[in-house]
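>>> Generate a structure from the sequence data that follows.
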Amino acid sequence: MKITAISLTRLVLPLDPPFNAAWDPEPRRSFPATLVTVETDAGVVGYGSGDTMDGFEAYEHLFLGTDPMQILNQVRRIETINFHGGRYWPLEAALWDIIGQVAGLPVSVLFGGSRDRLPAYASSGELKAPEARAEAALHAQALGFRAMKIRIARDRLTEGIASVRAAREAVGPEFELMVDLNQMWRMSGDIEAALPLAKVQRLAAELAELGVLWLEEPLPQVDVAGARRVRTQTGMQVSGGEMVRTMPEMLALIEADAFDVYQPDVALAVGMYRARQVADAVGQRHRLFTPHTWSNGLGLLANLHVAAGVDAGPFFEFPFDPPGWTPERRDFFMEPIQIDAVGDVVVPDRPGLGATIDWDAVRRFTV
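Numbering: from 1, shown residues only. Next comes the predicted model:
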């Protein structure tokens, strides 16, 4: 089998009202996505998405005429161009979609087949006042979620802790809460200083008293020693790694025992094949793997297949913070992915990634 064409469809969903992402100083008034379509001489077509694929056209020729089933060679090829350009892992997702269709199996089975569903946590995206966050946590609990991640801004710590406390009082001790400080990487143009280690330690100690399961990205990526000190001196589990750019960087963090929970996004960080290697490596060290999933529905689906295949956990990230961020906004060019009544996200049982692309939406939002 040979790849005959790779096309990129640029989509933009207007956001009115805007989505006020906690990690972005600018309100988001639109949501861009790129749908990657890979065609083969056998008639099998694969789809991927999750990053913008900006600049990929200059490298497309490196893949045309090659075999999509030789996935390790394709991963190595993508790694060479990632060094010079952007993050082109949505292409790998499209190739796995092809491989799954050829095998007649869901991609999760090819990654180990450990689970056909995972318990989801509602991953919030906006900063909300304590009363509003408590109401959002109760709403998530009523829908079936058993856990929620709450964002705290580095310049609004008092309000953030109050929001976590209000949520805890609302949902009780059995509902798990996680907190994300978003200090490991920055949006373009955000040059404000990160919180110092001492302040993060005091924050972690307060969150530990509120029964928070883990603190995500408490410090910049370079401060591995600081992350370890937060863990040892407060007892708080620490997570991170969603946007780590290369596998050598990720392996260095694992070797340094930087985190309790490793979260590389397969669409944004190290890809699907390498994420499985990350899961194996951290599992051998008695640490946890559960990927970041904040791109779009197709990116979430690629992460879900890997996570289910390798038995990730204890929860799978499900971006959900209505009304600002809903499955309908997140998955605007495909059939939205939902949780079931007990809070699980179920892996599609169709061959490949199992996405149902909404071609009317693709035509409507193509730019």
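>>> Surely residue 150 forms part of a strand?
Yes. Residue assignment for residue 150, taken from DSSP: H, G, I helix; E, B strand; the rest coil, places it within a strand.
>>> contacting residues for it?
The neighbourhood of residue 150, defined by CB atoms under 8 Å, 6 or more residues apart in numbering, consists of 124, 133, 137, 160, 163-164, 167, 177-180. For every residue, glycine as well, the C-beta is placed using N, CA and C.
>>> between those, which is closest to residue 79?
The shortest separation between residue 79 and any of these is 27.7 Å, and it belongs to residue 180 (by CB to CB).
>>> Would you mind listing the residues in contact with the closest residue to that closest one other than its chain neighbours?
Taking CB to CB, 6 or more residues apart in numbering, and ignoring the residues beside it in sequence, residue 180 has residue 216 as its nearest neighbour in space, at 4.1 Å. Under the criterion of CB under 8 Å, 6+ apart, the neighbours of residue 216 are 149, 178-182, 238-240, 261, 263.
>>> quick one: which of these is most hemmed in?
Going through these with other CB atoms under 10 Å as the criterion, the one with the most neighbours is residue 240, at 29 neighbours.
>>> I'd like to know which elements the helix or strand harbouring residue 18 is packed against.
When elements are assigned from DSSP states H and E, residue 18 belongs to strand 3-19. Identification of packing neighbours for strand 3-19 by 3 or more CB pairs under 8 Å, 6 or more residues apart in numbering; DSSP states H and E yields strand 28-40, helix 327-330, helix 359-365.
>>> at 7 Å what do you get?
Strand 3-19 sits against strand 28-40, helix 359-365, with contacts defined as 3 or more CB pairs under 7 Å, 6 or more residues apart in numbering; DSSP states H and E.
>>> returning to what we had before: tell me which two of the contacts of residue 216 sit farthest apart.
Every pair in those was compared (CB to CB); the two farthest apart turn out to be 182 and 261, at 15.2 Å.
>>> can you give me the strands in the stretch 251-367 of the chain?
Remark: strands assigned in the stretch 251-367 of the chain by DSSP state E, counting those that start in this stretch are 261-262, 288-289, 316-319, 344-346.
>>> For the third one, which residues meet the burial criterion?
By neighbour count, and taking 16 or more other CB atoms under 10 Å as the criterion, the buried residues in strand 316-319 are 316-319.
>>> from those residues, which is closest to residue 220?
residue 317 (21.3 Å).
>>> so the closest one touches residue 122, yeah?
No. Using CB atoms under 7 Å, residue 317 is not in contact with residue 122, being 9.1 Å away.
>>> follow-up on the earlier one: could I get the buried residue list for the strand holding residue 18?
Neighbour counts using 16+ other CB under 10 Å place 3, 6, 8-9, 11, 13, 15, 19 of strand 3-19 among the buried residues.
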